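> My questions are about this predicted structure, shown below with the sequence.
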Amino acid sequence: MKAIILAAGRGLRLNGACGDIPKCLLPVGGQSLIERQLRCLRQAGIRDIVLVVGYKSNHVRVACRGGVRFVDNVIFDRTNSLYSLWLARDMLADGFIVMNSDVLSHPALLDRLLQSRYDDALLVSLQERHMPLLGEEEMKVRVEGNRLVDISKSMPPSQCHGENVGIARFGPEGARLIVHLMNRVIARGGYGEWVPRVFQEFVVSRPLHVVDTGGYPWIEIDFPGDYHRAVAEVFPMISGRPPGKSAAPGPYWRLEG
């Protein structure tokens, strides 16, 4: 199994919370987000790892050197995650896992996805009735049974069943369909689309099963409040440390140039 980590973004919506470094190098508990993802993948037995890099890619290469391949998105500032994954399209034929580099998650979530009996599966945090409605920024999902029906940020919160975590897997047949759909979106100029755009089209032709998080902690980091919550609340739940003891910013905090 191959893993593709999408790590080209700068993180402008963090409004300087990460200084002038790529978002994937945000430190949490003394390690960057990308280093935590690499360790999680390797612990799960995945050694074939590709990083799609863009903003200050030299810093990411230094942090992740050794046993990792790189693909450069040189127009990262004018494109989105779909284009980054499309750049790696020639590496996807045998099946793959795709991850967003701005997600901090419990290692058990990757295990749940890998242990799914379905080749094509999406990790989803299903909502319970007592939970507040999701907002405009969350990538919302609608499911029927254990299959994805729709995925979109613009979905009315009252109609969604949960939130996309940002980690998915595809077997060889599903991978071929994903590449076909990406080619079609890019051909019509969809450089600014998110990866879930092709998931919408995927489910028209082939089932995409959902795997629930099972209550394990995770967070996608887009805004300063997300980062503070990741450090103060989510990381302690992952590491077993008491809240407030999750460590100060790590060594990448001072990267410059």
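Done, it's in. Since the model is a prediction, treat every value here as computed from it, not as a measurement.
> mind listing the strands for the stretch 1-150 of the chain?
2-7, 27-28, 31-32, 48-53, 68-72, 96-100, 103-105, 121-126, 140-144, 147-152 (DSSP state E, counting those that start in this stretch).
> Could you tell me how many residues sit around Gly240?
Close neighbours of Gly240, defined as other C-beta atoms under 10 Å, add up to 6. Placement of C-beta: from N, CA and C, glycine included.
> same question, Ser116
When counting by other C-beta under 10 Å, one arrives at 17 neighbours for Ser116.
> For the closest residue to Val234 other than its chain neighbours, give me the backbone phi and psi.
Leaving aside its sequence neighbours, Val234 sits nearest to Ile219 (C-beta to C-beta, 6 or more residues apart in numbering; 4.6 Å). Main-chain torsions, Ile219, degrees, to the nearest 10: phi -160, psi 140.
> so can I have a markdown table of the strands of the stretch 1-150 of the chain showing mean pLDDT and distance to Met237?
Converted to a markdown table, the strands of the stretch 1-150 of the chain look like this (pLDDT from 0 to 100; distance: least, C-beta to C-beta, whole Å):
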| stretch | mean pLDDT | distance to Met237 |
| --- | --- | --- |
| strand 2-7 | 98 | 23 |
| strand 27-28 | 94 | 12 |
| strand 31-32 | 94 | 16 |
| strand 48-53 | 98 | 26 |
| strand 68-72 | 97 | 28 |
| strand 96-100 | 98 | 20 |
| strand 103-105 | 97 | 10 |
| strand 121-126 | 96 | 14 |
| strand 140-144 | 95 | 23 |
| strand 147-152 | 96 | 26 |
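> And these: which comes nearest Leu82?
strand 2-7 (9.3 Å; C-beta to C-beta).
> Mind putting the strands of the stretch 1-150 of the chain into TSV with mean neighbour count and distance to Asn164?
TSV is the format used below for the strands of the stretch 1-150 of the chain (neighbours: other C-beta atoms under 10 Å; distance: least, C-beta to C-beta, whole Å):
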stretch	mean neighbour count	distance to Asn164
strand 2-7	25	13
strand 27-28	22	21
strand 31-32	24	23
strand 48-53	23	18
strand 68-72	16	23
strand 96-100	24	9
strand 103-105	23	10
strand 121-126	24	6
strand 140-144	20	6
strand 147-152	19	6
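> show me what contacts the residue nearest to Val234?
103-105, 226, 229-230, 234 (C-beta atoms under 8 Å, 6 or more residues apart in numbering).
> residue boundaries of the helices in the protein?
33-43, 57-64, 81-87, 107-114, 172-187, 196-205, 224-229, 235-239 (DSSP state H).
> of all these, which lies closest to Ser152?
Here helix 196-205 is closest among these (C-beta to C-beta), at 7.0 Å.
> Tell me the buried residues in the closest one?
196-203 (16 or more other C-beta atoms under 10 Å).
> Out of these, the closest to Glu138 would be?
Nearest member of those to Glu138, counting by C-beta to C-beta, is Pro196, at 11.4 Å.
> number of nearby residues for the nearest residue in space to Leu148 that is not next to it in sequence?
Distances taken as C-beta to C-beta, 6+ apart put Leu208 closest to Leu148, at 4.5 Å, once the chain neighbours are dropped. Number of residues near Leu208 (other C-beta under 10 Å) recorded here: 24.
> And the pLDDT at Leu110?
pLDDT, Leu110: 97.
> beta partners of the residue nearest the centre of the chain?
Nearest to the geometric centre of the chain sits Asn100, at 2.1 Å (C-alpha atoms, centre = their mean). Beta-bridge partners of Asn100, counted by DSSP bridges, are Leu6.
> any idea how far it lies from Ser154?
19 Å (C-beta to C-beta, to the nearest Å).
> Tell me how many other residues crowd the nearest residue to Ser239 once chain neighbours are set aside.
Spatial nearest neighbour of Ser239, excluding adjacent residues (C-beta to C-beta, 6+ apart): Gly29 at 6.2 Å. Around Gly29 there are 20 other residues, counting by other C-beta under 10 Å.
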